[in-house]
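Q: Here is a sequence together with a model predicted from it:
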Amino acid sequence: MSDTKRVAVIIGSLRKASVSRKMAHVLAEVAPKGLDLQIVEIGELALYNEDIEADGPPAPWREFRERIAAADAVLFVTPEYNRSVPAALKNALDVGSRPYGQSVWNAKPGAIVSLSPGAVGGFGANHHLRQSLVFLNVPAMQQPEAYIGGAWGLFDETGAMTNEGTKAFLQKFMEAFAVWIEGKD
């Protein structure tokens, strides 16, 4: 890679000790040199309402938009809620896409890691998120796909990943993401 790429990491779960947050930390740990992963929090974003925008966007919206706009790419790490993404993640997409014509998502390369306690690995959330990213013009990396099943059993009490096979897969995923980002310059 020619220079360091800033990657905004959006975590779908709001819990501070969530498995998604633990996964985001592992992804940062295994990311190749040249990727600077920074978590961009979404928990303080008020539900999107155009009336609020008319009075001037609240500070959390402005700060969120600025951080996404400054990023070279976005990485979504999300659990699956009811075969979709958590409401907070959908709200973050909406906040970043407004006002109309000023979307901070436009043309930023992205990738998705979805996880669940079951064997399907958040497949529904992953693909539902991809539908929104198409509209937002976020080219999402197609391969390798990352659906992490049994995710709740992959970490020890300190948040360290205990499954070396999964960790090796995640490292390959992040290497592919670095190539994906570089190819979108």
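A: Arrived safely, thanks for sending. As the structure is a prediction and not an experimental result, all values here were calculated from the model.
Q: List the contacts of the longest helix along the chain.
A: Ranked by residue count and defined by DSSP state H, the top helix of the chain is helix 164-183. Applying C-beta atoms under 8 Å, 6 or more residues apart in numbering, the set of residues contacting helix 164-183 from outside is 1-2, 5, 7, 26-27, 30-32, 34-35, 72-73, 75, 109, 111, 113, 141, 143-144, 146, 148, 154, 161. No exception for glycine: its C-beta is placed from N, CA and C like everyone else's.
Q: redo that, cut-off 6 Å
A: 1, 5, 30-32, 35, 73, 109, 111, 141, 144, 146, 154, 161 (C-beta atoms under 6 Å, 6 or more residues apart in numbering).
Q: and which of those residues is nearest to residue 57?
A: Distance from residue 57 was checked for each of the contacts of helix 164-183 by C-beta to C-beta. The minimum falls on residue 73, at 23.5 Å.
Q: my guess is the closest one meets residue 109, correct?
A: Yes. With contacts counted by C-beta atoms under 6 Å, residue 73 reaches residue 109, the gap being 4.7 Å.
Q: Please, where are all the strands along this structure?
A: Assigned strands in the chain, in chain order: 5-11, 35-39, 73-79, 110-115, 146-148 (criterion: DSSP state E).
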